[in-house]
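In: Below is the sequence, then the predicted model.
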Amino acid sequence: MFINHLDSLADLAKPQRKFLAVFLKTMLLIQSNINFLSLSRHCNLDEKTFRRNFRKRVDFAAFNRHLIQQSPAAKPIAFAQDASFIKKSGKHTFGLDRFWNGSHSRVEKGLELSLISVIAADENASWAMSCEQTPANLPAAKTRLDFYLEHLHRTASSLPDSIRYGIFDGFYAKQKFVGGVLALGFHLISKLRSDANLKYLYEGAQKLKGRPRQFAEKVDFNDLSLFELTELKDEKVRLFSKIVWSITLKRKIKLVVLKIGKRTANLFSTDLLISAEKVFRLYRSRFSIEFLIRDAKQSAGLQDCQARDNKALEFHWNASFATVNLARMEAKKVNQENQAKPFSMKSIKQLYFNEHLLKLFIGKLDLEQTLIKYQEHFETLRNFAVISP
């Protein structure tokens with residue numbers, strides 16, 4: 001399974017290809033924290049081999065693109081980008097700084113990664129594409145938002161050709177970042193503050209002399225009578241849409257005011273022709289990147305890396321997300337008869353661990369493999385403790 005997918009990386013040397021095949025398989029079966037020591041306990045490679053190979057370059061973006069292309073259910077509709085806080089003890093780790101920890105809603109000392117994922121329409125799931133570490137101590141002329149945009153520039157060529165939209169949370173809704181996304185050929189969908197400074201476009205008669213009038217009065221979110229209403233009765237959602245001028249972004253945007261009961265959110269798109277319903281559904285799909293990060297943290301050792309230098313940290317993080325991608329592909333094979341079964345990273349890891357343990361028993365006890373593997377008890381033991389829908 002792994003060797004076939006690794007063939008997509010043409011620049012890999014044969015020893016590195018063999019290492020990655022063993023390493024990724026071990027990542028899928030290991031049940032404890034995933035660090036150099038625990039990895040060496042679960043395979044025939046030692047700690048030094050892992051430490052040495054973690055500093056070698058691997059084009060994980062190309063590998064992940066290949067996985068997405070090989071998955072028939074993954075139909076890319078957009079990409080998402082988000083940052084995630086990584087806990088890290090010690091004082092000498094590269095990139096150690098104070099970052100926002102969304103889990104605790106406060107700034108804490110640790111590391112941060114920037115993740116770009118591809119959103120699949122039919123699965124309502126995110127597939128990891130590229131991950132980079134947010135640097136610390138940036139020069140005064142450069143902000144972290146500049147780094148996120150640079151990361152997107154480096155990854156844009158690896159994104160599937162069918163993607164037209166990038167989806168971001170409200171933090172990314174800044175003029176420089178929006179302009180950078182548009183320059184790459186993508187439209188942006190994001191969220192505005194509740195007190196966003198917006199103006200209606202002037203649609204009345206113009207004076208014969210002087211500069212044509214561009215704007216009318218400021219948008220009052222308490223009065224949406226000039227907006228077009230779209231009701232999604234199955235979702236119990238009302239969408240109020242209008243093309244307006246954003247003072248902050250300095251451009252026309254398609255504003256979509258979302259109302260669910262008493263709750264309100266201001267979504268927008270730089271694509272002026274997009275429907276309000278599509279803006280709502282695309283922005284809602286952004287939350288799948290949060291589940292991707294959760295699976296990587298809980299089941300793929302995203303926060304377990306022992307290394308302190310930048311290359312090894314990024315290798316470990318990208319490998320964690322690639323492991324989730326591989327698990328999602330494997331889940332599709334296992335659940336071919338039941339496509340509605342939800343993806344469970346823990347189930348796939350339990351399946352791989354059980355199979356590894358059974359093969360170990362068969363090999364060490366010198367049992368006849370062909371006789372055992374065709375017995376119904378083998379499949380029962382292989383699926384032991386696997387979560388069922």
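Out: That came through, no problem. Numbering: from 1, shown residues only.
In: where does this structure have low pLDDT?
Out: Across the chain, the ranges flagged by pLDDT under 70 are 1-3, 72-74, 335-340, 371-374, 388-389.
In: And it, what are its domain boundaries?
Out: In terms of domains, the chain is parsed into 2-168+287-334, 190-285, 345-382 (source: automatic domain parsing).
In: Gln175 is nearest to which of these?
Out: Ranking the domains of the chain by distance to Gln175, with Cβ to Cβ as the measure, places domain 190-285 first at 5.2 Å. From N, CA and C alone the C-beta is placed, and that goes for glycine too.
In: what about the closest one, start to end distance?
Out: Its first and final residues considered, domain 190-285 spans 12 Å by Cα to Cα, to the nearest Å.
In: buried residues in stretch 187-197?
Out: 187-192, 196 (16 or more other Cβ atoms under 10 Å).
In: How about stretch 70-81?
Out: For stretch 70-81, the neighbour count (16+ other Cβ under 10 Å) marks 71, 74, 76-81 as buried.
In: picking up where we left off before, pipe the domains of the chain into TSV and attach distance to Gly179 per row.
Out: Output for the domains of the chain, formatted as TSV (distance: least, Cβ to Cβ, whole Å):
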stretch	distance to Gly179
domain 2-168+287-334	9
domain 190-285	8
domain 345-382	37
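In: for those domains, which one sits closest to Gly180?
Out: domain 2-168+287-334 (4.4 Å).
In: In the protein, which residue is most central in space?
Out: Closest residue to the average C-alpha location of the chain: Ser117 at 3.5 Å, with Cα atoms, centre = their mean.
In: Could you measure from that residue over to Leu273?
Out: 25 Å (Cβ to Cβ, to the nearest Å).
In: swap in Ser344?
Out: 39 Å.
In: Same question for Thr143.
Out: 32 Å.
In: okay, these two: which has more neighbours?
Out: Ranked by neighbour count (other Cβ atoms under 10 Å), Thr143 and Leu273 place Thr143 first, with 14 against 8.
In: Pretty sure Leu381 sits against Asn354.
Out: Yes - counting by Cβ atoms under 8 Å, Leu381 touches Asn354, with 6.4 Å between them.
In: So which of the two has more stuff around it?
Out: More crowded of Leu381 and Asn354, by other Cβ under 10 Å: Asn354, with 19 against 15.
In: Show the contacting residues for the more buried one.
Out: The neighbours of Asn354, taking Cβ atoms under 8 Å, 6 or more residues apart in numbering as the test, are 381-386.
In: Report the buried residues of the helix or strand containing Asn325.
Out: Assigned by DSSP states H and E, Asn325 belongs to helix 310-334. The neighbour-count check on helix 310-334 (16+ other Cβ under 10 Å) flags 312-332 as buried.
In: That helix packs against which elements?
Out: Secondary-structure packing of helix 310-334 (3 or more Cβ pairs under 8 Å, 6 or more residues apart in numbering; DSSP states H and E): helix 14-29, helix 60-70, strand 106-120, strand 125-133, helix 288-299, helix 345-364.
In: what's the distance between it and the middle of its chain?
Out: Between the mean C-alpha location of helix 310-334 and the chain-wide mean there is a distance of 11 Å, by Cα atoms, centre = their mean, to the nearest Å.
In: now do stretch 226-245
Out: On Cα atoms, centre = their mean, the centre of stretch 226-245 falls 28 Å from the chain's centre.
In: ok, Leu12 touching His5?
Out: No - with contact defined as Cβ under 8 Å, Leu12 does not reach His5; the gap is 11.4 Å.
In: can you map out the helices along the stretch 101-250 of the chain?
Out: Taking DSSP state H, counting those that start in this stretch as the criterion, the stretch 101-250 of the chain carries its helices at 144-155, 175-183.
In: and these as a markdown table, adding distance to Arg308 and mean neighbour count?
Out: Below are these laid out as a markdown table (distance: least, Cβ to Cβ, whole Å; neighbours: other Cβ atoms under 10 Å):
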| stretch | distance to Arg308 | mean neighbour count |
| --- | --- | --- |
| helix 144-155 | 20 | 18 |
| helix 175-183 | 30 | 17 |
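In: picking that back up, among the contacts of Asn354, name the buried ones.
Out: Using 16+ other Cβ under 10 Å, the buried ones in the contacts of Asn354 are 382, 386.
In: for the contacts of Asn354, which one is nearest Gln31?
Out: Nearest to Gln31 among the contacts of Asn354 is Ala385, at 10.5 Å by Cβ to Cβ.
In: residue contacts, the closest one?
Out: Taking Cβ under 8 Å, 6+ apart as the test, what Ala385 contacts is 350, 354.
In: tell me the SS of it?
Out: At Ala385 the chain is in coil, as set by DSSP: H, G, I helix; E, B strand; the rest coil.
In: where's it relative to Leu152, distance?
Out: Counting by Cβ to Cβ - Ala385 and Leu152 are separated by 40 Å.
In: do Tyr352 as well
Out: Distance of Tyr352 to Leu152, computed by Cβ to Cβ: 33 Å.
In: cool, Ala21 as well?
Out: 30 Å.
In: now do Gly110
Out: Gly110 is 23 Å from Leu152, by Cβ to Cβ.
In: what do you get for Asn310?
Out: 19 Å.
In: Check Pro139 too.
Out: According to Cβ to Cβ, Pro139 stands 20 Å off from Leu152.
In: try Ser89
Out: As judged by Cβ to Cβ, Ser89 and Leu152 stand 30 Å apart.
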